[in-house]
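> missing the sequence, but the structure's below:
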Ligand SMILES: Cc1cc2nc3c(=O)[nH]c(=O)nc-3n(C[C@H](O)[C@H](O)[C@H](O)COP(=O)(O)OP(=O)(O)OC[C@H]3O[C@@H](n4cnc5c(N)ncnc54)[C@H](O)[C@@H]3O)c2cc1C
């Protein structure tokens with residue numbers, strides 16, 4: 001598509017008023033700066049404002065309003081819907097704001113709005129501390145936290161958003177608002193799961209927990225044993241103590257047969273915990289990569305390439321994972337006749353269930369698992385087939401669905417009913433009131449949108 005072009009004098013004005021950099025289509029660096037994780041998304045903004053502080057964010061909002069430009073917000077650039085970039089609009093790019101300060105005594109990390117989990121974990125691990133974050137280092141701390149946050153420490157310490165204790169947010173009208181339990185507590189509630197709807201966060205404060213080494217890595221299962229191994233994973237997760245988080249991934253081998261990867265993360269004191277023994281003794285184990293290693297090593301267990309694959313994700317939270325659903329998942333893995341991508345199964349046992357549900361907007365605590373069909377391909381000619389596979393796969397497990405879908409994994413074509421279902425009607429209306437207070441004109445609508453009431 002042809003580029004929307006801003007007048008030179010407008011760009012000059014923005015370059016002069018922003019402390020950070022400005023990238024327009026003709027500038028070197030524009031192309032890598034508009035790339036996102038999902039190669040299916042190929043958009044060309046009129047301008048990218050590389051903000052370096054709250055003042056820059058307010059200036060960028062002013063500029064967008066003055067030039068009637070749509071706004072997109074970029075943290076780590078991982079959202080599968082590609083919400084971090086828009087055609088012809090302005091991107092508030094926070095990729096230069098990646099500092100993380102740690103107060104080791106208070107066990108609090110203060111992270112700038114564009115920090116990634118790699119930035120965050122490196123800073124906090126220097127103090128022997130950690131927060132429950134995402135499993136891929138290049139994902140943004142803010143984007144992930146505001147959508148909920150499920151990872152290797154979920155059973156131990158809850159959703160990432162349960163650990164959010166404060167934030168500084170610049171609203172689209174240029175106000176700098178602080179959210180904490182004592183100040184704008186309603187905004188803190190909304191940021192805990194309500195997505196990037198209320199403003200651009202320039203700082204997040206997250207509660208930290210002592211942690212250095214974990215027992216983790218990957219267990220791989222193949223052949224006839226996969227079905228039984230998946231059942232074993234389900235049973236272990238259902239009965240697991242809080243010191244064991246556990247996720248699973250269905251994939252395919254070269255012979256087009258399903259393989260199962262289980263990724264446990266154990267932080268307890270036992271040398272050989274019963275649950276890990278149960279996983280290791282499941283049929284079909286072909287590779288045992290589980291060992292004691294640093295938490296930073298655990299955070300590298302999944303490391304997909306950035307911006308290379310086309311992706312389309314669709315899923316449901318489910319109340320249970322009965323044998324019938326396991327059979328359905330395995331059947332869907334081979335339904336396309338070629339490797340379809342992966343199926344992610346995240347357990348929500350442990351701390352998310354004990355957290356004070358009224359303290360956060362995130363509304364899927366009743367679910368046992370979050371299951372996502374992640375179609376992954378490269379050939380543009382196969383778009384329809386792969387998107388179709390993800391949709392049909394999610395439809396096949398919809399009968400077990402509870403609490404809608406996971407905001408952080410939604411594509412841009414999800415209907416508003418799915419976003420509403422993720423919170424429940426009451427919490428959704430409360431979020432709409434909050435949205436009306438901080439973004440009455442719905443400037444921040446390139447997200448899993450909560451329209452103002
Ligand atoms: C490879 C991969 C691995 C992932 N792993 C996990 C995982 O382990 N656990 C999990 O729960 N999710 C995971 N996700 C999903 C991820 O949490 C969401 O897609 C999230 O939106 C990504 O945030 P980001 O900043 O990287 O993305 P971006 O695309 O940059 O931003 C997405 C949206 O987040 C909001 N946002 C970002 N930064 C700010 C800010 N500072 N202020 C206000 N709003 C902001 C905006 O609405 C923006 O449009 C993963 C996604 C991918 C692609």
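That came through, no problem. Computed from a prediction, not measured in an experiment: that's the story for all the values here.

> residues contacting the residue of the stretch 151-300 of the chain found nearest the ligand?
Closest approach of the stretch 151-300 of the chain to the ligand (CB to the nearest ligand atom) occurs at residue 196, with a separation of 2.4 Å. The C-beta positions use only the backbone N, C-alpha and C, and glycine is treated the same way. Contact partners of residue 196, counting by CB atoms under 8 Å, 6 or more residues apart in numbering, are 73, 83, 142-143, 146, 444, 447.

> Can you tell me which residues in the protein are near the ligand?
36-37, 73-80, 83-84, 94, 113, 134-136, 139-140, 142-144, 146-151, 195-196, 200-201, 304, 408-409, 446-447 (CB under 6 Å from any ligand atom).

> redo that, cut-off 5 Å
37, 73-79, 83-84, 113, 134-136, 139-140, 142-144, 149-151, 196, 200-201, 408, 447 (CB under 5 Å from any ligand atom).

> Can you flag which of the residues you listed belong to helices?
Judged by DSSP state H, helices contain the following of the residues of the chain next to the ligand: 142-144.

> residue closest to the middle of the protein?
Ranked by distance to the mean C-alpha position of the chain (CA atoms, centre = their mean), the top residue is residue 144 at 3.8 Å.

> what sits against that one?
Residue 144 touches 76, 78, 117, 133-134, 160, 408, counting by CB under 8 Å, 6+ apart.

> what do you get if the cut-off is 6 Å, keeping everything else the same?
residue 134 (CB atoms under 6 Å, 6 or more residues apart in numbering).

> What of residue 345?
248, 369, 371.

> Among those, which one has the most neighbours?
Using other CB atoms under 10 Å as the neighbour criterion, residue 369 leads these with 28 neighbours.

> so it bridges to which residues?
residue 318, residue 347 (DSSP bridges).

> That one reaches residue 318, doesn't it?
Yes - with contact defined as CB atoms under 6 Å, residue 369 counts as touching residue 318 (5.3 Å).

> May I see the buried residues of stretch 378-385?
Neighbour counts over stretch 378-385 (16 or more other CB atoms under 10 Å) mark residue 382 as buried.

> Please apply the same query to stretch 317-335.
Per 16+ other CB under 10 Å, stretch 317-335 contains these buried residues: 317-318, 321, 325-326, 328-330, 332-333.

> next one: stretch 28-38
30, 33-38.

> What are the contacting residues of it?
23, 48, 77-78, 80, 82, 84-85, 306-307, 311.

> ok, the buried residues of stretch 317-335 vs the ligand, which is closest?
Using CB to the nearest ligand atom, these come closest to the ligand at residue 317, 12.4 Å.

> Next, the contact list for the closest one, please.
364, 367, 370, 402-403.

> one more time with 7 Å, if that's ok
364, 367, 370, 401-404, 406 (CB atoms under 7 Å, 6 or more residues apart in numbering).

> Just the buried residues from these, in ChimeraX please.
Restricted to buried positions by 16+ other CB under 10 Å, the ChimeraX selection for the contacts of residue 317 reads:
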select :364,367,370,401,403,404,406
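
> Please dump the contacts of residue 317 into CSV; it should also carry pLDDT, secondary structure and distance to residue 107 for every row.
Converted to CSV, the contacts of residue 317 look like this (pLDDT from 0 to 100; DSSP: H, G, I helix; E, B strand; the rest coil; distance: CB to CB, whole Å):
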residue, pLDDT, secondary structure, distance to residue 107
364, 90, coil, 27
367, 94, coil, 29
370, 97, strand, 28
401, 95, strand, 37
402, 92, coil, 33
403, 80, coil, 30
404, 82, coil, 33
406, 96, coil, 28
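
> Which positions in stretch 426-446 come out as buried?
So stretch 426-446, judged by 16+ other CB under 10 Å, has buried residues 427-428, 430-432, 434-435, 437-439, 443-446.

> again with stretch 116-134
The neighbour-count check on stretch 116-134 (16+ other CB under 10 Å) flags 116-121, 123-125, 129-134 as buried.

> pLDDT on it, on average?
Mean pLDDT, stretch 116-134: 98.

> Now do the end-to-end distance for that stretch.
End-to-end distance for stretch 116-134, by CA to CA, to the nearest Å: 9 Å.

> next one: stretch 64-79
22 Å.

> what does stretch 275-286 give?
End-to-end for stretch 275-286, by CA to CA: 18 Å.

> And for stretch 430-444?
Terminal residues of stretch 430-444 are spaced 17 Å apart (CA to CA).

> who touches it?
Applying CB under 7 Å, 6+ apart, the set of residues contacting stretch 430-444 is 71, 73, 171-172, 186-187, 190, 194, 196-199, 361, 423, 450-453.

> Likewise for stretch 62-77?
Against stretch 62-77 from outside (CB under 7 Å, 6+ apart): 6, 10, 14, 36-37, 45-46, 83-86, 89-95, 113-114, 116, 138-140, 142-143, 174, 196, 200, 443-444, 446.

> That one: which residues count as buried?
63-65, 67, 69-77.

> Over to stretch 298-318?
In stretch 298-318, counting by 16+ other CB under 10 Å, buried: 298-299, 301-302, 306, 309-318.

> likewise stretch 273-293?
273, 275-276, 279, 282, 284-285, 290, 293.

> now, which of these lie within strands?
Among the buried residues of stretch 273-293, the subset assigned to strands under DSSP state E consists of 285, 293.

> Including pLDDT, could the buried residues of stretch 273-293 go into CSV?
CSV is the format used below for the buried residues of stretch 273-293 (pLDDT from 0 to 100):
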residue, pLDDT
273, 94
275, 97
276, 97
279, 98
282, 98
284, 97
285, 98
290, 97
293, 97
